[in-house]
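1. kindly return the folded structure for what I paste below:
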Amino acid sequence: MGYVTAVPHPRSEAAASAGPARSGRRSLAAALLLGALGAAVALLASRQRWSHGTATVAGGTFPLTARGSDVTGVPAALAIVGLAALVAVFAVRRSGRLLVSALLALSGAGTVAAALAGAHDRSALDEQAAKATGDTAAAVHALSHTAWPYAAAAGGLLILLAGLLALRYGRLWPAMSGRYEREDTARPRRAAPSADPGRPEDLWKALDRGEDPTGADPA
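-> Numbering: from 1, shown residues only. Next up, the predicted model:
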């Protein structure tokens, strides 16, 4: 009784290889979108007004405003680092890509933490109140906060998600090629055919090239 050997179907092999490639393309597009959008949101939110209040000056009130950059510069700085790491992911391979992906994720996590920490900060406005009144003990009144710190945190969350995608699927992503050689120099040159002493036209061609048609070594 003979045994029948199962031969894998070409279509099944193609479908198996297409799965990881499709996942790599989708994760790559998602990481680029999330990282770029998150960095843009974090940078935009850092320029907006995070808190406002008033200070008492000469019997009157003086309005005070603190932008995100006045409260903390960490979210904007980490957003720039995350954006640079997102680009650098494609310039490295293997362990280098893993480290850069981890840096991307940490940049997002740090942006979230810094933005949430500054959501209820009042030190920036207290400093402005001290300058406006000339009293180092002066404090801001009628303090209120906006939603922009949470927008910066949301941007950091998007950067974090991009980093997690890079950690999970980065090995499937393409890398920048380091080959800058010309195609014609990469191909080996064909050796010139040796002259056939029995053919006069080959002898004349060899003489035109400055070769010895007899093949003898010069003395």
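2. now the helix or strand encompassing Glu127: how far from the chain's centre is it?
-> If you go by DSSP states H and E, Glu127 is part of helix 123-133. Helix 123-133 has its C-alpha centroid displaced from the chain centroid by 39 Å (CA atoms, centre = their mean, to the nearest Å).
3. which residues touch it?
-> Contacts with helix 123-133, where a contact means CB atoms under 8 Å, 6 or more residues apart in numbering, come from 51-53, 55-57, 62, 64, 66, 70-71, 136-140, 143. (Each C-beta comes from the backbone N, C-alpha and C, glycine too.)
4. and the residue nearest the centre of the chain, which of the three is it?
-> Centroid-nearest residue in the chain: Leu86, 1.2 Å away (criterion: CA atoms, centre = their mean). Under DSSP: H, G, I helix; E, B strand; the rest coil, Leu86 falls in the helix class.
5. from what I can see it touches Ala30, true?
-> No - the pair Leu86 / Ala30 is not scored as a contact, 12.0 Å apart, by CB atoms under 8 Å.
6. what is in contact with these two at once?
-> In contact with both Leu86 and Ala30: Ala162, using CB under 8 Å, 6+ apart.
7. hang on, the earlier thing: just the buried members of the contacts of helix 123-133?
-> 51-53, 55-56, 64, 66, 70-71, 138, 140, 143 (16 or more other CB atoms under 10 Å).
8. what's the least confident helix or strand in the protein, going by average pLDDT?
-> The weakest-scoring helix or strand in the chain, judged by mean pLDDT, DSSP states H and E, is helix 183-186 (a mean of 47).
9. below-threshold pLDDT in the protein: ranges please.
-> Applying pLDDT under 70 to the chain flags residues 1-21, 176-219.
10. swap the cut-off to 80 and go again
-> 1-24, 57-60, 132-139, 175-219 (pLDDT under 80).
11. gap between Ser107 and Arg49?
-> Note on Ser107: its distance to Arg49, by CB to CB, to the nearest Å, is 24 Å.
12. who's more crowded, those two?
-> Taking other CB atoms under 10 Å, Ser107 and Arg49 do not tie; Ser107 has more neighbours (30 against 13).
13. what helix or strand is the more buried one on?
-> helix 94-117.
14. again, but for Leu34
-> Going by DSSP H and E, Leu34 is in helix 10-46.
15. CA atoms only: put the very next helix or strand once past that helix into CSV for me.
-> Note on helix 10-46: by DSSP H and E, the next helix or strand toward the C-terminus is strand 49-57. These are the backbone C-alpha positions of strand 49-57, laid out as CSV (Å, rounded to 0.1, in the frame of the first residue of the first chain):
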residue,chain,number,x,y,z
ARG,A,49,-4.3,79.0,27.1
TRP,A,50,-4.3,76.5,29.9
SER,A,51,-5.4,78.7,32.8
HIS,A,52,-6.5,82.2,33.6
GLY,A,53,-7.3,84.3,36.7
THR,A,54,-7.0,87.8,38.2
ALA,A,55,-4.6,89.7,40.4
THR,A,56,-5.4,92.6,42.7
VAL,A,57,-3.4,95.7,41.6
